[in-house]
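*Asks:* Here is a sequence together with a model predicted from it:
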There are 2 protein chains.
Amino acid sequence: MIAVGTDDTNGEAPRRVRIEDVAAGADVSVATVSRALRGLPNVAASTRRRVTDVAEQLGYQPDPAAARLAAGRTNTVIAVVPHLGSWYFSNVVAGIEAVCTEAGYDVLVIGADEPSRVDRLIDERAQLDRRADGVVLVDLPVASELAESLVQRRVAVATVGWQVGDHPAVVLDDPAVGALAAEHLLNFGHRDLGVIGGDLDPIAFEVPERRLRGFREQCHRHGVEVAAERIVGGGFRLDGGYAAMTVLLEHDPPTAVFAMSDEMAFGALMALQERRLKPGVDVSVIGVDDHEFAHVVELTTIRQNVIGNGAAAARALLAAIQDPRTATVDAEPAAVEPPAFSLVARSSTGPVNGDHTGRTLSSRLP
Amino acid sequence: MIAVGTDDTNGEAPRRVRIEDVAAGADVSVATVSRALRGLPNVAASTRRRVTDVAEQLGYQPDPAAARLAAGRTNTVIAVVPHLGSWYFSNVVAGIEAVCTEAGYDVLVIGADEPSRVDRLIDERAQLDRRADGVVLVDLPVASELAESLVQRRVAVATVGWQVGDHPAVVLDDPAVGALAAEHLLNFGHRDLGVIGGDLDPIAFEVPERRLRGFREQCHRHGVEVAAERIVGGGFRLDGGYAAMTVLLEHDPPTAVFAMSDEMAFGALMALQERRLKPGVDVSVIGVDDHEFAHVVELTTIRQNVIGNGAAAARALLAAIQDPRTATVDAEPAAVEPPAFSLVARSSTGPVNGDHTGRTLSSRLP
DNA sequence: GAGGCGACTGAAAGCGCTTACACTCCGCGC
DNA sequence: GCGCGGAGTGTAAGCGCTTTCAGTCGCCTC
């Protein structure tokens, strides 16, 4: 019925194969091809087989743009991260990408280095719903109304690092992380504690508060209080950690410091090094993440599976996309199992008063 | 003439504004709106103004899927990197993303952790031309025929780290980098040199060979030869660097080592640390990149602007997309100015025989 | 003052899919 | 034996743009 365009274009490009060609080849209508190829019901098994065979043989791939326009779904997920180049975020993205690509979704990345990028992306009528079926927001301080507005526009939302509304969220049990760090330092006998945490930075999210809370509560349980002036912002970056530690050392230095991320901890180690202070002896430092280089500098840290976090968020997002319930108002709290974490003790922490129990300085060398 | 759908949908979603609505509002045809909004010629200034005003007021944004389908261009760029989570690649991606997003292009990322991913992406008739207008291949060993086939399908290609065919490429002058590293070590009097380089890894690209060549030639010029057994693969990863240095130290250790990336250098420092060897005293180590943490561990390195490399590649790619010449066969070598690099001397390198010229060990502590 | 040329605009034909709806069978219950 | 429902399929109407082509003017040239 439908003539196959044989060779009206003798030109350069090898004539793209369309659904029509498959339909002609399998001697069915394009509707049937579409249904057969997408696994929809109401297609006879024999027909489906014939169609898939022809499609395979012709190397047919549906045009994504056409499918998007017709179906209104994009098969695309957007990952929004504060800063693409940082270790933590790039690993989260890696996790998201692995899962989504595997599931046949395209992954669009957006670096929100300037906060305006996020606003432009979400707040405006930027037709995000036309670009993606879902968004993963990583450690971004987005008001929950914004997320709500996204969902209303049928864009599923998942977050990493903090919970917004009822949307699937992968969040570490931050108070427990803080408590674990405190416990570790307290066990070593430390009582003069410092904390290097958040802010210092446009990206003000809740993680640092939660970790700080857990840390302080644990200290309190041991009768130890953390002085307010020993809680310094580090912006979750290397230089911020350096600056924070410098401040801490300036006046009445603590004997142990909890840095809320390994990157800040590395900065803190730099500040120690500059003053010829020995990590784990003069000042103990504990981080969070188990960054690849924590091992290099012998940093004690609280490990989490960052790639796994991204992957979990992506899986939850895809589930939400597929499950229409989530797009409606009566979505139930989409619980995602909180990721595991564990203490990795290395030599950057040690007993108070630096009693050199066999440890030598060089064992902490890079 | 065209009735504006007032409220046939009393439903939930706030009725998306289409080009038709703008046309009606500005009292012109949709064709004119399309032309006016995209800055095409042959639109009266007054008309254009009216159209843009109405569009602005209505908050109109063209539907990307529809535009793609109709125009055949996607306004999308794909960044393909071997491994999303690594420092180098994530920074290249950050550079690409910044430029492309700024230019209104979407950025799709693909991690080619498994080589099959690349093949699937490029080799197959995966309709890459339907997904993107251009691709940036970062340090991927793609045969130049593949790139050619992409271009024939009207997908522009740019590369980072190696040149393929005539396509725009951002490549460091690797032989010069190698020579610079050699020069630095030779100046310190080192004659027993080791190299930690590529392979060890599925990703076999040309960079290590080029750096090695420059390194050896420079040595040769000084009458120094690098023994073959002192050239060890490190796969451009931390653990590879560690393993490589371990091998080097096992038997007749060199006094100085050129690691072709900072990440490998960090691994090398770990291996030294394990043996209580002091970087810059017992063994000198020089890296490449000026990784953020090079400063932390006082690693001497050859700095390059990684983000800038990604950005430059993206700019070249966008230029190629816009310039039709590039899509044809007679494209002239698309030269991109090779990125700058410079030596950053820190304490991980020092005079041979470890003559402690004032340097103290602790100055090299993390 | 007629012809011509550009500048501007609009009508309409797609782009390549998805999907509502209509239709044809065929087996079944009564 | 007849009506009925459901499985399987086809027809055709879009999805919301872009772009060709065919005008319509106003102004210049000869």
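*Replies:* Looks like it arrived, so ask away.
*Asks:* Where does pLDDT dip in the stretch 101-250 of chain A?
*Replies:* Low-confidence segments of the stretch 101-250 of chain A (pLDDT under 70): A:122-126, A:200-204.
*Asks:* how about the strands of it, start to end?
*Replies:* Ranges of strands in the stretch 101-250 of chain A, per DSSP state E, counting those that start in this stretch, are A:106-111, A:134-138, A:156-160, A:169-170, A:193-197, A:231-233.
*Asks:* Which one of the residues in the stretch 151-300 of chain A is closest to chain B?
*Replies:* residue A:297 (3.9 Å; Cβ to the nearest Cβ). Glycine gets a C-beta too; all of them are placed from N, C-alpha and C.
*Asks:* Now the phi/psi pair for that residue, please.
*Replies:* phi -100, psi 10 (degrees, to the nearest 10).
*Asks:* how about the nearest residue to residue A:118 once chain neighbours are set aside, what does it touch?
*Replies:* Closest residue to residue A:118 apart from its sequence neighbours, by Cβ to Cβ, 6 or more residues apart in numbering or on different chains: residue A:112 at 4.5 Å. By Cβ atoms under 8 Å, 6 or more residues apart in numbering or on different chains, the contact set of residue A:112 is A:80, A:81, A:82, A:83, A:118, A:121, A:140.
*Asks:* now that we have these, which one has the most neighbours?
*Replies:* residue A:81 (28 neighbours; other Cβ atoms under 10 Å in any protein chain shown).
*Asks:* Can you list phi and psi of that residue for me?
*Replies:* For residue A:81, the backbone dihedrals are phi -130, psi 150 (criterion: degrees, to the nearest 10).
*Asks:* how close does it sit to DNA strand D?
*Replies:* Separation of residue A:81 from DNA strand D (Cβ to the nearest atom of the strand, to the nearest Å): 29 Å.
*Asks:* show me where the stretch 201-350 of chain A has helices.
*Replies:* In the stretch 201-350 of chain A, the helices defined using DSSP state H, counting those that start in this stretch lie at A:207-221, A:238-250, A:262-274, A:306-322.
*Asks:* angle of the first one against strand A:193-197?
*Replies:* Here helix A:207-221 points in a direction 170 degrees away from that of strand A:193-197 (axes from the mean of the first three to the mean of the last three Cα atoms, to 10 degrees).
*Asks:* Outside of helix A:207-221 itself, list whatever touches it.
*Replies:* Taking Cβ under 8 Å, 6+ apart as the rule, helix A:207-221 contacts A:139, A:161-162, A:172, A:174-183, A:186, A:193, A:195, A:197-199, A:225-226, A:231, A:233, A:258, A:260, A:288.
*Asks:* And these, which of them are buried?
*Replies:* Buried residues within those, counting neighbours by 16 or more other Cβ atoms under 10 Å in any protein chain shown: A:139, A:161-162, A:172, A:174-183, A:186, A:193, A:195, A:197-199, A:226, A:231, A:233, A:258, A:260, A:288.
*Asks:* sorry, back to before: I'd like the helices of the stretch 201-350 of chain A written out as JSON lines, with mean neighbour count added.
*Replies:* Below are those laid out as JSON lines (neighbours: other Cβ atoms under 10 Å in any protein chain shown):
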{"stretch": "helix A:207-221", "mean neighbour count": "20"}
{"stretch": "helix A:238-250", "mean neighbour count": "22"}
{"stretch": "helix A:262-274", "mean neighbour count": "27"}
{"stretch": "helix A:306-322", "mean neighbour count": "23"}
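*Asks:* Save the ones you listed as CSV, and put in distance to residue A:132 too.
*Replies:* CSV is the format used below for the helices of the stretch 201-350 of chain A (distance: least, Cβ to Cβ, whole Å):
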stretch, distance to residue A:132
helix A:207-221, 25
helix A:238-250, 32
helix A:262-274, 29
helix A:306-322, 9
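*Asks:* Those helices: which one's closest to DNA strand C?
*Replies:* Smallest distance to DNA strand C across the helices of the stretch 201-350 of chain A (Cβ to the nearest atom of the strand): 13.4 Å, for helix A:306-322.
*Asks:* Break down the stretch 251-366 of chain A into its strands, ranges please.
*Replies:* Secondary structure of the stretch 251-366 of chain A (DSSP E, counting those that start in this stretch): strands at A:256-259, A:284-289, A:300-304, A:341-344.
*Asks:* Partner strands of the longest one and their direction?
*Replies:* Strands adjacent to strand A:284-289 in the sheet, as given by DSSP bridges, are strand A:256-259 (parallel), strand A:300-304 (parallel).
*Asks:* Kindly present the ones you listed as JSON lines, with separate columns for mean pLDDT and distance to DNA strand C.
*Replies:* Listed next are those as JSON lines, based on pLDDT from 0 to 100; distance: least, Cβ to the nearest atom of the strand, whole Å:
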{"stretch": "strand A:256-259", "mean pLDDT": "98", "distance to DNA strand C": "50"}
{"stretch": "strand A:300-304", "mean pLDDT": "98", "distance to DNA strand C": "39"}
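*Asks:* near DNA strand C, which residues of chain A?
*Replies:* A:16, A:18-20, A:30-31, A:34-35, A:37-38, A:60, A:62-63, A:66-67, A:69-72 (Cβ under 7 Å from any atom of the strand).
*Asks:* How about the residues of chain A by DNA strand D?
*Replies:* A:1, A:27-32, A:35, A:41-47, A:66, A:69-70.
*Asks:* Using ChimeraX, define a selection of the buried residues within those residues.
*Replies:* Selection of buried members from the residues of chain A next to DNA strand D for ChimeraX, criterion 16+ other Cβ under 10 Å:
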select /A:28,32,35,43,47,66,69
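*Asks:* Looking at residue A:24 now. What's its pLDDT?
*Replies:* The model reports residue A:24 with a pLDDT of 94.
*Asks:* Packing partners of the host helix or strand of it?
*Replies:* Residue A:24 belongs to helix A:19-26 when assigned by DSSP states H and E. Identification of packing neighbours for helix A:19-26 by 3 or more Cβ pairs under 8 Å, 6 or more residues apart in numbering or on different chains; DSSP states H and E yields helix A:30-37, helix A:45-58.
*Asks:* With only the CA atoms kept, save the next helix or strand after the last one in PDB.
*Replies:* It refers to helix A:45-58. The C-terminal neighbour of helix A:45-58 among helices and strands, as given by DSSP H and E, is helix A:64-71. Presented in PDB, the C-alpha positions along helix A:64-71 are these (Å, rounded to 0.1, in the frame of the first residue of the first chain):
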ATOM      1  CA  PRO A  64      13.700  10.600  19.100                       C
ATOM      2  CA  ALA A  65      12.500  14.100  18.200                       C
ATOM      3  CA  ALA A  66       9.500  12.800  16.400                       C
ATOM      4  CA  ALA A  67       8.700  10.400  19.200                       C
ATOM      5  CA  ARG A  68       9.000  13.200  21.700                       C
ATOM      6  CA  LEU A  69       6.800  15.500  19.800                       C
ATOM      7  CA  ALA A  70       4.100  12.900  19.300                       C
ATOM      8  CA  ALA A  71       4.200  11.300  22.600                       C
END
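*Asks:* and helix A:64-71, how far from the chain's centre?
*Replies:* Distance of helix A:64-71 from the chain centroid (Cα atoms, centre = their mean, to the nearest Å) equals 29 Å.
*Asks:* try stretch A:159-174
*Replies:* 10 Å.
*Asks:* now swap in stretch A:269-281 and tell me
*Replies:* Distance of stretch A:269-281 from the chain centroid (Cα atoms, centre = their mean) equals 31 Å.
*Asks:* quick one: terminal-to-terminal distance for that stretch?
*Replies:* 12 Å (Cα to Cα, to the nearest Å).
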